[in-house]
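> Next come a sequence and a model predicted from it.
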Amino acid sequence: MKLYQALIAAGALVAASVAPAAAADISGAGATFPYPIYAKWADTYKKETNIGLNYQSIGSGGGIKQIQAKTVTFGATDAPLTGDQLAKDGLVQFPMVMGGIVPVINLDGVSPGDLVIDGPTLAKIFLGQIKTWDDPAIKKLNPTAKLTSQAIAVVHRSDGSGTTFNFTDYLAKVSPDWKSKVGSATSVEWPVGIGAKGNEGVANNVAQTKGSIGYVEYAYAKQNKLTHTKMINKDGKTVEPEMKSFQAAAASADWNSVPGYGVIITEQAGAGTWPITTATWILMHKQPTDPVAAAAALKFFAWAYEKGDKMAEDLDYIPMPHTVVQSVEKTWAAEMKDAGGKPLFGASH
């Protein structure tokens with residue numbers, strides 16, 4: 001846990017080693033959403049193989065820019081690129097793991113799961129239409145809670161963020177007002193609130209600001225001991241953010257229905273589903289400038305698919321289904337090649 005906390009504090013993932021980075025080390029950058037599990041996988045993989053992973057947790061927008069610029073072996077994003085975008089840049093995209101986005105609050109006397117919130121009310125808070133914690137809309141959802149007239153301090157992402165993409169995608173689905181005024185994207189014009197960089201920054205700001213509300217990947221809420229809310233899902237049921245509610249949301253995803261496996265799984269039907277669940281994706285060049293590094297990265301991802309499930313679940317992420325992993329590895333073998341046309345990942349794996 002000390003290593004994990006040190007990695008989080010550093011804001012960048014470098015597999016534990018006192019030696020300089022070896023030529024075989026893998027470089028990546030992007031989404032902060034999967035950072036805790038990528039840190040755990042990297043540490044374990046380093047011990048098994050002596051190959052390190054240097055992952056810069058800079059947000060999905062930065063990850064997309066860095067892979068497009070070919071400055072890293074892989075980019076990571078929680079906002080999937082479209083088929084046209086992938087084709088334009090010669091990229092392969094595949095989902096690595098899934099998780100839940102949770103509203104987190106800082107209210108005296110309120111413990112994790114004490115407060116219930118629904119989508120329309122959440123949208124009104126982030127629109128600035130609900131300004132205090134004793135607003136009738138919040139009180140109606142929480143008739144027994146002791147809510148004061150304390151002002152609500154909204155905390156949102158300041159950087160290009162896949163977490164923001166999925167959070168605003170959800171708000172646009174549940175609130176026509178949000179959809180028309182703000183919309184859904186990795187960066188939006190926030191009507192109210194203060195911005196913070198990364199899931200780390202939002203978590204820290206909420207932890208330090210009384211009366212605040214923000215949104216983070218669930219592992220950040222747990223690791224920072226933040227107070228999450230319960231939510232009312234599409235079926236009108238009150239649910240906790242936990243492995244089974246994330247799994248329920250992911251269960252109905254048809255991963256092959258969209259190019260690059262870019263399926264959005266917010267606001268899924270089902271009594272037990274968590275409404276803001278998402279996958280996170282890896283981006284790599286079909287014909288990379290450094291095929292040795294790309295092949296090393298694919299070996300790492302194959303290892304994570306094969307051996308990383310328990311580590312993912314321990315941090316409340318959802319491993320990808322076996323059928324999806326098989327499909328992804330076929331994609332690698334078919335589409336990712338060196339300059340001579342030789343597959344970077346194949347039967348020798």
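Received the coordinates, thanks. Numbers count the residues shown, from 1 in each chain.
> Okay, helices next: where are they in the stretch 1-150 of the chain?
Assignment of helices within the stretch 1-150 of the chain using DSSP state H, counting those that start in this stretch yields the ranges 2-10, 35-49, 60-68, 83-89, 119-127, 136-141.
> starting at the chain centroid, how far to the second one?
Meaning helix 35-49. Chain-centre distance of helix 35-49: 17 Å, with CA atoms, centre = their mean, to the nearest Å.
> Against which helices or strands is that helix packed?
Packing contacts for helix 35-49, counted by 3 or more CB pairs under 8 Å, 6 or more residues apart in numbering; DSSP states H and E, involve helix 2-10, strand 12-14, strand 53-57, helix 218-223, helix 291-307, helix 309-314. Glycine gets a C-beta too; all of them are placed from N, C-alpha and C.
> The stretch 151-300 of the chain: helices as residue ranges?
With DSSP H, counting those that start in this stretch as the criterion, the stretch 151-300 of the chain has helices spanning 162-174, 176-181, 198-208, 218-223, 243-250, 291-307.
> Could you pull out the buried residues of stretch 166-186?
Applying a neighbour-count criterion of 16 or more other CB atoms under 10 Å, one finds 166-175, 178-179, 182, 184-186 buried in stretch 166-186.
> Between those, which sits nearest residue 103?
Minimum distance to residue 103 across these is 9.0 Å, recorded for residue 167 (CB to CB).
> Verify the stated contact: the closest one with residue 215.
Yes - using CB atoms under 8 Å as the test, residue 167 is close enough to residue 215 to be in contact (4.9 Å).
> shared neighbours of these two, anything?
With contacts defined as CB atoms under 8 Å, 6 or more residues apart in numbering, the residues shared by residue 167 and residue 215 are 101, 276.
> Distance-wise, check residue 330 relative to residue 86.
Residue 330 sits 17 Å away from residue 86 when distances are taken as CB to CB, to the nearest Å.
> Grab the nearest non-local neighbour of residue 309.
On the basis of CB to CB, 6 or more residues apart in numbering, the spatially nearest residue to residue 309 that is not a chain neighbour turns out to be residue 319, at 4.0 Å.
> for residue 337, that is, sorry about that
Distances taken as CB to CB, 6+ apart place residue 343 nearest to residue 337, at 5.6 Å, with adjacent residues excluded.
> which one is residue 263 nearest to, not counting chain neighbours?
The shortest distance from residue 263 to any residue other than its chain neighbours is 4.9 Å, reached at residue 253 (CB to CB, 6+ apart).
> Please say which of residue 330 and residue 86 ends up with more neighbours.
Neighbours per residue, other CB atoms under 10 Å: of residue 330 and residue 86, the larger number sits with residue 86, 18 against 11.
> Check what pLDDT the more buried one gets.
According to the per-residue confidence, residue 86 scores 98 in pLDDT.
> Please name the nearest non-neighbouring residue to it.
Here the residue nearest residue 86, using CB to CB, 6+ apart, is residue 260, at 5.1 Å.
> Next one: that neighbour relative to residue 27, how far apart?
In this structure, residue 260 and residue 27 are 21 Å apart, going by CB to CB.
> cool, and residue 51?
Counting by CB to CB, the gap between residue 51 and residue 27 amounts to 12 Å.
> cool, and residue 190?
Here the distance between residue 190 and residue 27 works out to 32 Å (CB to CB).
> ok, now residue 157?
24 Å.
> between these two, which one's more packed in?
Comparing residue 157 with residue 27 by other CB under 10 Å, the one with more neighbours is residue 157, at 31 against 18.
> can you pull the contacts of the closest residue to that one other than its chain neighbours?
Leaving aside its chain neighbours, residue 157 sits nearest to residue 164 (4.6 Å; criterion: CB to CB, 6+ apart). If you count contacts by CB under 8 Å, 6+ apart, residue 164 has them with 156-157, 185-188.
> just to revisit the earlier point, you'd agree the residue nearest to residue 309 is up against residue 311?
No - at 9.3 Å, residue 319 and residue 311 do not qualify as touching, with contact defined as CB under 8 Å.
> which of the two has more neighbours?
Neighbours were tallied for residue 319 and for residue 311 using other CB under 10 Å; the higher tally belongs to residue 319 (21 against 17).
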